[in-house]
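Engineer: using only what follows, build the 3D model:
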Amino acid sequence: MNQIAMRSSTTGIAKPIPQAGYKDVMVHLDGSVEDEIRIAHAEVIAAQFEAHLTGLYTNALPDAALYAGEFGTAAIVDACDTARRAGDANHARLTQRFARLGVANEVRRLESFPGLLEKDVATETRWADLIVGSCPHGTFDCERWSNLIETIMFNSGHGLYLVPPGFRPRQAIRTVLVGWVDTREAARAVSEALPLLGLATQVHLASVQEAGKGKLGGAEALADIASHLDRHGIATTVSLLPDNDAPAAMLLAEAHRVSADLIVAGAYGHTRLREWILGGATYDLLQSSDLPILMAH
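Structural biologist: As a prediction, this is how the structure comes out:
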């Protein structure tokens, strides 16, 4: 690992005005045991910024295609009624839970069929500054979560704070690792994370040096983003990681080396039949990270 020296500035100016923080934090709820994990993270963040916390409860109705046949209509009606009753119970329980939080809050409910529900969630998240969800990996419902996370990632226009299943916040976020590549997606992730970076006591910038790609993953790009953050009043340490075939694993190892509470990274993807598909490194990081990740596209 190579340490990169910061270039000096020729202007001596006062510390800048602090970056405006988050005012609206949204947390996804689905009635599962992971709700408590997500709520705990969202409450910590909302309390740090005195933000309003919105719990967005999604109640997925059964897929009508599974009930095709002679008794399909009656069966789907019964299944939807059962799902709505379960949704009523979850909504009431979550509303009571939010009443005990120490921040201003509300609970909203979305209810629809698969495919439509994800689009409704993406629309609802567009007015929030930060959305808290769960990483789609481990023993979690990967297919359902991957669809929801991808839709929000590529359509909300905001950062997505993703928590590994079962990972409770150890403290307020103090140490952050930024995985930097000289791309639009990484720039968006840093921009969305600025309020958290401003509160952190340590911010580490790391980039995997990719052979033959010039500034894309090199020292010059790291020096530029470090100088940019310095002008925001955010001091950083900078590391250039050796090239290998597993950049997600390399970034995660570096996060553990610096005892990071959070990883910030760009979300990369491509379209297929008008659907977004997460790229390899992004997918690998979501599947393997045991630390929270703030991503943006």
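Engineer: which residues of the chain fall in strands?
Structural biologist: Ranges of strands within the chain are 2-3, 24-29, 52-60, 105-112, 130-134, 159-163, 175-179, 202-208, 237-241, 262-266, 269-272, 275-278, 293-296, based on DSSP state E.
Engineer: which of those strands sits most buried?
Structural biologist: Comparing the strands of the chain by mean neighbour count (mean count of other Cβ atoms under 10 Å), strand 130-134 ranks first with a mean of 27. Placement of C-beta: from N, CA and C, glycine included.
Engineer: what is the top helix by length along the chain packed up against?
Structural biologist: Secondary structure of the chain read by DSSP state H shows that its longest helix is helix 72-98. Taking 3 or more Cβ pairs under 8 Å, 6 or more residues apart in numbering; DSSP states H and E as contact, the helices and strands that helix 72-98 lies on are helix 34-49, strand 52-60, strand 105-112.
Engineer: of all the ones you listed, which one comes closest to residue 219?
Structural biologist: With Cβ to Cβ, the closest approach to residue 219 among these belongs to helix 34-49: 32.4 Å.
Engineer: other residues contacting the closest one?
Structural biologist: Contacts with helix 34-49, where a contact means Cβ atoms under 8 Å, 6 or more residues apart in numbering, come from 21-23, 25-29, 51-53, 55, 94, 97-98, 101-103, 105, 130, 132-134, 140, 161, 163, 165-169, 172-173, 195-196, 199, 292.
Engineer: what is the rounded mean pLDDT of it?
Structural biologist: Mean pLDDT, helix 34-49: 96.
Engineer: just the angle for it relative to strand 159-163, thanks.
Structural biologist: Using axes from the mean of the first three to the mean of the last three Cα atoms, to 10 degrees, the inter-axis angle of helix 34-49 relative to strand 159-163 is 130 degrees.
Engineer: residues of helix 34-49 that come out buried?
Structural biologist: 34-35, 37-39, 41-46, 48-49 (16 or more other Cβ atoms under 10 Å).
Engineer: how far off centre is it?
Structural biologist: Distance of helix 34-49 from its chain centroid, counting by Cα atoms, centre = their mean, to the nearest Å, is 13 Å.
Engineer: for residue 180, which non-adjacent residue is closest in space?
Structural biologist: Closest residue to residue 180 apart from its sequence neighbours, by Cβ to Cβ, 6 or more residues apart in numbering: residue 207 at 4.6 Å.
Engineer: could you do residue 199 as well?
Structural biologist: Computed as Cβ to Cβ, 6+ apart, the closest residue to residue 199 that is not its neighbour in sequence is residue 48, at 6.2 Å.
Engineer: ok, now how distant is the one you found from residue 240?
Structural biologist: From residue 48 across to residue 240, the span is 31 Å (Cβ to Cβ, to the nearest Å).
Engineer: residue contacts, residue 195?
Structural biologist: Contacts of residue 195 (Cβ under 8 Å, 6+ apart): 19-22, 49, 129.
Engineer: among those residues, the buried ones, what's the PyMOL command?
Structural biologist: Here is the PyMOL selection string for the buried members of these, based on 16+ other Cβ under 10 Å:
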select buried, resi 21+22+49+129
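Engineer: tabulate the contacts of residue 195 (a markdown table), appending distance to residue 186.
Structural biologist: Listed next are the contacts of residue 195 as a markdown table, based on distance: Cβ to Cβ, whole Å:
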| residue | distance to residue 186 |
| --- | --- |
| 19 | 18 |
| 20 | 21 |
| 21 | 21 |
| 22 | 20 |
| 49 | 23 |
| 129 | 19 |
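Engineer: how near is the residue nearest to residue 199 to residue 41?
Structural biologist: According to Cβ to Cβ, residue 48 and residue 41 sit 11 Å apart.
Engineer: any low-confidence regions in this protein?
Structural biologist: 1-19, 68-72, 137-145, 209-218, 269-279 (pLDDT under 70).
Engineer: repeat that with 80
Structural biologist: Within the chain, the stretches with pLDDT under 80 are 1-20, 64-73, 136-146, 208-221, 243-245, 268-281.
Engineer: alright, that wraps it up for me.
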